[in-house]
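Participant: Build me a model from this:
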Amino acid sequence: MINSPLDEHLYDVAVIGAGSAGLQAAQTLGRMHRSTVVISTDRYRNDPTGHMHNFLGHDGAPPAELRLAARKDAEAYDDVRFLDCVGAGVTRVTGELGAFVLEVDAEPAVRARRVLLATGVRDTLPDIPGIAESFGDLVAHCPFCHGHEYAGTRVGILGAAPHVAAMASMLQPIAADRVVLTHGADLDEATAAGLARTGATIVREPVVAVREEGDGLVVALASGEELALGGLLVKTEWQQAAPFAQQLGLEMSEMGAVVVDAFGRTSVPGVYAAGDLAQGPGLPMPMASVLTAASAGLMAAAACVQDAALARIA
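Facilitator: Got it, this is the predicted structure:
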């Protein structure tokens, strides 16, 4: 479905992705009267969660509700068009500054002077039965997004990597108790010492399953023992949700994120990136939140406008 006819026009900017980063970018570009096409699919990283948190003015709102309102805002600008794809969406991006070509599944190719990537990342959860079914609610990966909802309960932290000590420390003012489930793995000496200083409990037995019970979770251990939890924090493995960074030869960080400057510019002229897929200067990892993604979309869109303006007067 296309909300306004696409033609052979060379768009100023093609935005790939319509999460918070892409939608904010579209609104910013629309307000600056830059011809913009937003190409979206129906898949979003925060689909599993029913409510998003820690977002100014929208705390507790369903993610889809925010996207609907943001899209309505962007559609109010005459220079913004949407291409909604049920299938694969964009399959390939080629070209260079001023002449990018986006191949789109079951649609004509789209041409644009600049490309803004807002395609996000895809999570892979720990392979433990029951975790996927509760992910986004009683199982989460971000204490800033979900930690408050576990307040006053025993909170589990799955893993044995060094980050579990910092996670236990962050949760200390929130949780009644914290249990680190190493899932059979060994803690290094520094991590074990850090956990001891925070007063967290350590359970070393493998976790065989997780299930919801009442308002919380029950974690089944290999010994047959069960632990009741108010919530469980896990570390996900993630990868780019789309192949465009590789297709365009963008510089990547050690974590697999697109390297960007403070304005979302990538290593390739004319290509910008915003949201969970991008890692800015001075950051140890991408900042995975709806609010920071929206902010990054604004900055990347502003860079598109500024770079084009400077090129015209150079």
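Participant: What separation do you get for the residue nearest to the spatial centre of the chain and Ala293?
Facilitator: Geometric centre of the chain, nearest residue: Asp276, 3.8 Å, by Cα atoms, centre = their mean. The span separating Asp276 from Ala293 equals 6 Å under the rule Cβ to Cβ, to the nearest Å. (Glycine included, C-beta is placed from N, CA and C.)
Participant: Could you tell me which residues within stretch 118-138 count as buried?
Facilitator: 118-123, 126, 128, 130-131, 134-138 (16 or more other Cβ atoms under 10 Å).
Participant: ok, so of those, who is nearest Ala301?
Facilitator: Closest approach to Ala301 among the buried residues of stretch 118-138 (Cβ to Cβ): Ala118, at 9.9 Å.
Participant: The helix or strand hosting Ile157 pairs with which strands?
Facilitator: Counting by DSSP states H and E, the element that carries Ile157 is strand 154-158. Strand 154-158 sits in its sheet next to strand 177-181 (parallel), strand 231-233 (parallel), going by DSSP bridges.
Participant: And the closest residue in space to Thr41 that isn't next to it in sequence, what's its pLDDT?
Facilitator: In space, Thr41 comes closest to Gly89 once its chain neighbours are excluded; the distance is 4.4 Å by Cβ to Cβ, 6 or more residues apart in numbering. pLDDT, Gly89: 87.
Participant: next one: Val101
Facilitator: Residue-level confidence at Val101 comes out at 97, pLDDT.
Participant: do the same with the one 3 residues further on
Facilitator: pLDDT, the model's per-residue confidence, is 92 for Val104.
Participant: would Ala190 count as being in a helix?
Facilitator: Yes: remark: Ala190 belongs to a helix, assigned using DSSP: H, G, I helix; E, B strand; the rest coil.
Participant: now the nearest residue to it once chain neighbours are set aside: how far from Val219?
Facilitator: Ranked by Cβ to Cβ, 6+ apart and with sequence neighbours excluded, the top spatial neighbour of Ala190 is Pro162, at 7.0 Å. When Cβ to Cβ is the yardstick, Pro162 and Val219 sit 22 Å from each other.
Participant: ok, and for the top helix by length along the chain, which residues are buried?
Facilitator: Ranked by number of residues, the top helix in the chain under DSSP state H is helix 290-313. By neighbour count, and taking 16+ other Cβ under 10 Å as the criterion, the buried residues in helix 290-313 are 290-305, 307-308.
Participant: For it, which outside residues touch it?
Facilitator: Applying Cβ atoms under 8 Å, 6 or more residues apart in numbering, the set of residues contacting helix 290-313 from outside is 12-13, 19-26, 28-29, 32, 34, 46, 52, 54-56, 63, 66, 70, 113-114, 116, 118, 120, 260, 262-265, 272-276, 278, 280, 287.
Participant: Just these: which are in strands?
Facilitator: Members of these lying in strands (criterion: DSSP state E): Asp12, Val13, Arg113, Arg114, Leu116, Tyr272, Ala273, Ala278.
Participant: May I ask which of those residues has the most neighbours?
Facilitator: Of all these, the most densely surrounded is Ala273 (32 neighbours; neighbours counted as other Cβ atoms under 10 Å).
Participant: from what I can see that residue touches Phe263, true?
Facilitator: No: at 10.6 Å, Ala273 does not count as touching Phe263 under the criterion of Cβ atoms under 8 Å.
Participant: Okay, domains of this protein per the record?
Facilitator: Dividing the chain into domains by automatic domain parsing, as the record does, gives the ranges 10-122+237-313, 126-233.
Participant: Average pLDDT for the shortest one, rounded please.
Facilitator: The predicted model gives domain 126-233 an average pLDDT of 95.
Participant: Over to it now: how far is its first residue from its last?
Facilitator: End-to-end distance for domain 126-233: 11 Å, by Cα to Cα, to the nearest Å.
Participant: Phe100: what secondary structure?
Facilitator: Using three-state DSSP as the criterion, the local structure at Phe100 reads strand.
Participant: Next, the contact list for it, please.
Facilitator: Counting by Cβ under 8 Å, 6+ apart, Phe100 touches Ala14, Val93, Thr94, Arg111, Ala112, Arg113, Arg114, Val115, Gly270, Val271.
Participant: So it versus Ala309, what's the distance?
Facilitator: To Ala309, Phe100 is 19 Å away according to Cβ to Cβ.
Participant: All set, thanks.
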